[in-house]
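# build the 3D model from these lines:
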Amino acid sequence: MNRQHIFKFFISLALVVCFVDGHAQQNNLIVKQDTIEVDKDPVPYKTNYGFRLGVDISKPIRGLIQDFYSGFEIVGDYRISRKWYAAAEIGTEKQNTIEDFTKSTAKGQYIRLGMNYNSYNNWLDMNNEVYLGFRYGFALFEQTLNSYTINSGNTFFDSIPNDIPQTVDGLTAHWTEIMVGIKAEIYNNIFVGISGSYKIMMSVDDPTNFKTHFAPGFNRVYISQTGFGFNYTVSYLIPFRKK
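Model prediction:
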């Protein structure tokens, strides 16, 4: 084989290699483009929307530890968007209060209504919450003055208690709350939560010649007209739809 034929052979071989390589690169680019297009196409994920119902288990536990207190609370919320929940708590409480000159009992029912905003960004199918909430609270209750000692400045009269109970019903209290809390899904549709709240009393009824020391749903009523609350909940989500 002379040099001319050898030269033509290598030129032909080079052209074939270039053609094959170019064709392979073109196919590879198409595959990459298809892969990129697939990656850019997000897979939609739907999460549960529904009504969540539960109880505050801290109140029965407190009642077992403190014999002067009893209470029960039902909690619930409804998811209206990915971040917002309508929420409510309904309950009943009773507490005996002992002051320097009085012994009293407050008992009644209350309701708190408001919204929660979930600031936590969940991954995939997680439904956890780290939320900020707002509540309006209303209580209807009665106060019983179990006994009192007359504070007249006279040692003799100060030592004579009056043990005739005096009950006034139909009392009301109105307040607002700011809440922070977390809720975690520990099993499918089962949640545990913990929250704390700062309460500001707007108005509270006092019996005649007596001060209201405790309002159901608000807790102890101080001179500052502010207070704090705490709850620990277990709840179940009843899913209505996915969105």
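
# dead centre of the chain: give me the residue that sits there.
Centroid-nearest residue in the chain, with C-alpha atoms, centre = their mean: residue 181, separated by 4.9 Å.

# nearest spatial neighbour of it, chain-adjacent residues omitted?
residue 195 (2.7 Å; C-beta to C-beta, 6 or more residues apart in numbering). C-betas here are computed from N, CA, C, even on glycine.

# residue 196 too?
Nearest one to residue 196, counting by C-beta to C-beta, 6+ apart, is residue 230 at 5.4 Å.

# and the nearest residue to residue 86 once chain neighbours are set aside, what does it touch?
Using C-beta to C-beta, 6+ apart and skipping residues adjacent in sequence, the residue nearest residue 86 is residue 78, 4.9 Å away. If you count contacts by C-beta atoms under 8 Å, 6 or more residues apart in numbering, residue 78 has them with 50, 51, 52, 85, 86, 87.

# for these, pick the one with the most neighbours.
residue 52 (24 neighbours; other C-beta atoms under 10 Å).

# quick check: that one is in a strand.
Yes. Under DSSP: H, G, I helix; E, B strand; the rest coil, residue 52 sits within a strand.

# make 26 the starting number, not 1.
Taking 26 as the first residue, the last one we looked at is residue 77.

# what pLDDT does it get?
Looking at residue 77, its pLDDT is 97.

# now it: how far from residue 71?
According to C-beta to C-beta, to the nearest Å, residue 77 stands 17 Å off from residue 71.

# residue 221 now?
Counting by C-beta to C-beta, the gap from residue 221 to residue 71 is 32 Å.

# residue 256: what's it in contact with?
So residue 256 contacts 81, 83, 84, 98, 100, 114, 218, 219, 220 (C-beta under 8 Å, 6+ apart).

# quick one on the thing from earlier: which one's more surrounded, residue 221 and residue 71?
residue 221 (12 against 9).

# now the strands for this protein?
Taking DSSP state E as the test, the strands found in the chain are 73-81, 94-104, 109-123, 127-143, 154-174, 186-187, 191-212, 215-229, 239-240, 244-245, 251-267.

# what's the mean pLDDT across the second one?
Same thing as strand 94-104. 97.

# listing partners with orientation, what would you give for it?
The pairing partners recorded for strand 94-104 under DSSP bridges are strand 73-81 (antiparallel), strand 109-123 (antiparallel).
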